[in-house]
Structure formats: C-alpha cells, structure tokens
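Engineer: Output the structure for:
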Amino acid sequence: MKLFWEGFRVIRAGRRGRVQSVAGLAQALGVSVGTLRNNRPYAASGFPDPVSSPRAQTLLWDEEQTAAYFAGEPVPALPAGEDDEDLLDRHEAAHELNVGVSAWNTYKRDPAVAEHLVVVAGVEHWPRGAVRRFRDSRPGRGVRHGSGRPRGSGDMVPRDQVLLRTQGLLDADPTLTAAAVVEELGVAMTTAMKSLATLRGRRIADLLEHEPHLDPQLAAERLGYPQIARRRALAAAKVEMRMREVRPYLQAVVDVLAENGFAEAAEVEVVELEGGALAAAVQLAPGRSAVPALVWDERYGWRTATSRRHPIGKDIDARPTGEGVHYLAPGLRPEPARVPGLLRSLGF
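Structural biologist: Sure, this is the predicted structure:
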C-alpha cells in the first residue's frame, strides 16, 4: 500500500538534550503553559519549525533555535542529511517503513524495536538506524514463524506478538486468510480472525484519514481486501476511527496532568471494552495523589480508579460505583485545563 506523507522532521543526532516541549518553552519565557497556549507564539511567521512531525500530538522544538528567535538573532540551522542516531517519533518511523501509524504501533512491540525505545519529553522515539534495521529484516509471506498448530495445543505465538507477526504476513499478501495465519503462526482460528480484522480496520482508517471523502467500502477494495473479509474489517475501522477522534482530547488531558505534576508525560492508549465502549487510563504519580489512576469512559466521563495495575477493571455495562470511585465532572469531556482543578476539588 502506497501512503501519502507530508514533510517530516526529526530530533537530529546528538540533540536530544536540546529538545523543548510546550512546558519548557513556557518556562523559558516565564509564562504559564495556559498563557503560552493562548498566545501561541509558535504560530508566528518565522518561528522555528518543530522537531516533532507535523501530525504529532505533542509539539517539540530545538531550544537553541527558539532561544535565538526570541533573542532576535538568526535562527541556527539544524544538521542536514540523515543519521542512524536521529530520533524518529511514531509518525516518522511509520514513514520510514512506508506504513500507516497504526501499523507502526504494532511493529514497535517487536523486541528488536522495543529495546531501542527512547522517551523524549513524554513522546516515544526510536533511532533511525534501529528502525531501518527492523525494516530490512521484516518477515514476508514466505517466512515461517512456526510449524503449524498441533492438535490440542494452545497458541504457539505469545499473545502480545500475534498482531506483529500477522502484520508481516498481511504486508506481503492483502488477501491473507485466517486459515493461512493459523497455519503460519500456530494460533487459534478466533485469534487469527480478530487479528486480521483489527489490522485491516486500522489500514482502512489510515486511508480514510488521508482521503476523508472516500467511501469505506472503496477503501477496503483499494487495499485489496477480499469481499468475505470486508464486513469485519469495516467494523474494526469504525472502532479505530472513533479511537482517533477521542485520542487528541485524552492526550491533552494527560499533558495537562503532567504539566501540573499529577502524572508522568506519556502517550495515551485508548482501548475498546468488551461491551464496545472506549476507555483510557492515566496512571497518577505516586505520592502526588491519593488515588493511583484516573479512567475516562466515553459513557460516563472521568473517574478515579482504585487499582494501578488494572485501573479500568471489568466492563459490566453499568456505571462503576463503590469505595474509592469518584467522578470528576458531570460532563463527558471537561476542558483539559480544568481536570487538575477537578481532581484537587475532590481532595486528591
């Protein structure tokens, strides 16, 4: 699948220590983050380009460049060319592989990639060299990862690796069947069917993001998916698009909580619950709050959680209640800037 990409920027080799987030920029100017976001000096003509990719949810800059800009001095150019030690965010890494971001979100779990993870200002990055080595070693349709699934055996591929392994097969053959996944990976048929639907749904969503007026059925056809597989893939695409719609809001809340010391800077993960609702959990910093985590549920809004390890808990299709569960606001999506205050108002 050929994807369409904007110009990409990266954290140049050796400049990780000069990366500046919105919070760092506000501190350098002696203003609050809220004031900075309202004034948006980074939107002015001539302001240095971010070193984050154009579609990144968290803006990052090179502080040497921003300091020169505010001092009225010429903005120094960043190193040109490509270096194996350049740090790529998820959009840039996906660009390197010529796949959608959702595909990279699967590939990044591969041990060959995961061991190179670098978190800069709360944003995941990977060295260009590591991404390229992974690209060059990716398995194709003809590479076997197992010898089939013996009768009576459990899944032969670890659960957290199934999507990754299936992705490599789907890259090589868009008409891939669940039976072929079972044969190649030695997983259960239900596992294979779910994995294929999820991956195809993400790729349909990628295409629809770039071409919003495209009919989903035509998107599935363009991607080469067989008719028999489209119903599941289109259903998965709907879920993926819903996740992408709420993710920017949730990420903004996480960023504000981090700026106020309630949480570590991190990329939010949205999940689909058993009943079909979307949810996300934010772990709070130990010692900063009396509760271990916050949970957002698209049906009920923000609430406190009683478990750090399993904050969302089991979906019982009813509004969670009980000791330790407190709702922050009556609305489903209070303004991100209000969330720390709502947390404080509950005594946390």
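
Engineer: Just the helices from the protein, written as ranges.
Structural biologist: For the chain, helices defined by DSSP state H occupy the ranges 22-29, 33-39, 63-70, 90-97, 101-107, 111-114, 128-137, 162-172, 178-185, 189-210, 216-222, 227-259, 339-345.

Engineer: Tell me which of the ones you listed lies nearest to Phe47.
Structural biologist: Taking Cβ to Cβ, helix 63-70 is the member of the helices of the chain nearest to Phe47, at 6.1 Å. Where C-beta positions appear, they are placed from N, C-alpha and C, glycine not excepted.

Engineer: is Asp62 in a bridge, and if so with what?
Structural biologist: Val19 (DSSP bridges).

Engineer: How many residues are close by it?
Structural biologist: Asp62 sits with 22 neighbouring residues when counted by other Cβ atoms under 10 Å.

Engineer: export the helices of the chain to TSV and tack on mean pLDDT, distance to Ala293 and mean neighbour count?
Structural biologist: Shown next, in TSV, are the helices of the chain (pLDDT from 0 to 100; distance: least, Cβ to Cβ, whole Å; neighbours: other Cβ atoms under 10 Å):
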stretch	mean pLDDT	distance to Ala293	mean neighbour count
helix 22-29	88	22	17
helix 33-39	82	23	14
helix 63-70	94	32	17
helix 90-97	88	23	22
helix 101-107	82	22	22
helix 111-114	88	23	13
helix 128-137	91	31	16
helix 162-172	86	25	22
helix 178-185	90	34	20
helix 189-210	92	25	21
helix 216-222	95	35	17
helix 227-259	93	11	18
helix 339-345	91	11	17
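
Engineer: Of all those helices, which one is nearest Arg9?
Structural biologist: Using Cβ to Cβ, the nearest of these to Arg9 is helix 90-97, at 7.8 Å.

Engineer: for the closest one, packing partners?
Structural biologist: helix 101-107, helix 128-137 (3 or more Cβ pairs under 8 Å, 6 or more residues apart in numbering; DSSP states H and E).

Engineer: Let me have the ones you listed in CSV, adding distance to Arg37 as columns.
Structural biologist: CSV is the format used below for those (distance: least, Cβ to Cβ, whole Å):
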stretch, distance to Arg37
helix 101-107, 24
helix 128-137, 31
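
Engineer: and Tyr327, which of the ones you listed is closest to it?
Structural biologist: Shortest distance between Tyr327 and the helices and strands packed on helix 90-97, using Cβ to Cβ, is found for helix 101-107: 30.0 Å.

Engineer: on contacts alone, who are the packing partners of the closest one?
Structural biologist: By 3+ Cβ pairs under 8 Å, 6+ apart, helix 101-107 packs against helix 90-97, helix 162-172, helix 189-210.

Engineer: looking at these, which is closest to Arg232?
Structural biologist: Nearest of the helices and strands packed on helix 101-107 (Cβ to Cβ): helix 189-210, 3.8 Å.

Engineer: mind saving the C-alpha coords of that closest one as CSV?
Structural biologist: Taking C-alpha atoms only, helix 189-210 is exported to CSV below (Å, rounded to 0.1, in the frame of the first residue of the first chain):
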residue,chain,number,x,y,z
MET,A,189,-8.8,-19.5,14.4
THR,A,190,-10.6,-16.9,16.5
THR,A,191,-7.3,-15.2,17.3
ALA,A,192,-6.3,-15.1,13.6
MET,A,193,-9.7,-13.7,12.6
LYS,A,194,-9.6,-11.0,15.2
SER,A,195,-6.1,-10.0,14.4
LEU,A,196,-6.7,-9.8,10.7
ALA,A,197,-9.9,-7.7,11.2
THR,A,198,-8.1,-5.3,13.6
LEU,A,199,-5.1,-4.8,11.2
ARG,A,200,-7.3,-4.3,8.2
GLY,A,201,-9.5,-1.9,10.1
ARG,A,202,-6.5,0.2,11.0
ARG,A,203,-5.3,0.4,7.5
ILE,A,204,-8.8,1.4,6.2
ALA,A,205,-8.7,4.1,8.9
ASP,A,206,-5.3,5.2,7.7
LEU,A,207,-6.6,5.6,4.1
LEU,A,208,-9.8,7.4,5.2
GLU,A,209,-7.7,9.8,7.3
HIS,A,210,-5.8,10.8,4.1
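
Engineer: roughly how far is it from the heart of the chain?
Structural biologist: Relative to its parent chain, helix 189-210 has a centroid offset of 16 Å by Cα atoms, centre = their mean, to the nearest Å.

Engineer: How about residues contacting that helix?
Structural biologist: Helix 189-210 has contacts (Cβ atoms under 8 Å, 6 or more residues apart in numbering) with 1, 3-4, 100-103, 106, 155, 162-163, 166-167, 170, 176, 178-179, 181-182, 185, 187, 214, 216, 219-220, 222-223, 225, 229, 232-241, 244.

Engineer: Excluding sequence neighbours, find me the nearest residue to Asp317.
Structural biologist: Excluding the flanking residues, the one nearest Asp317 by Cβ to Cβ, 6 or more residues apart in numbering is Gly275, at 4.7 Å.
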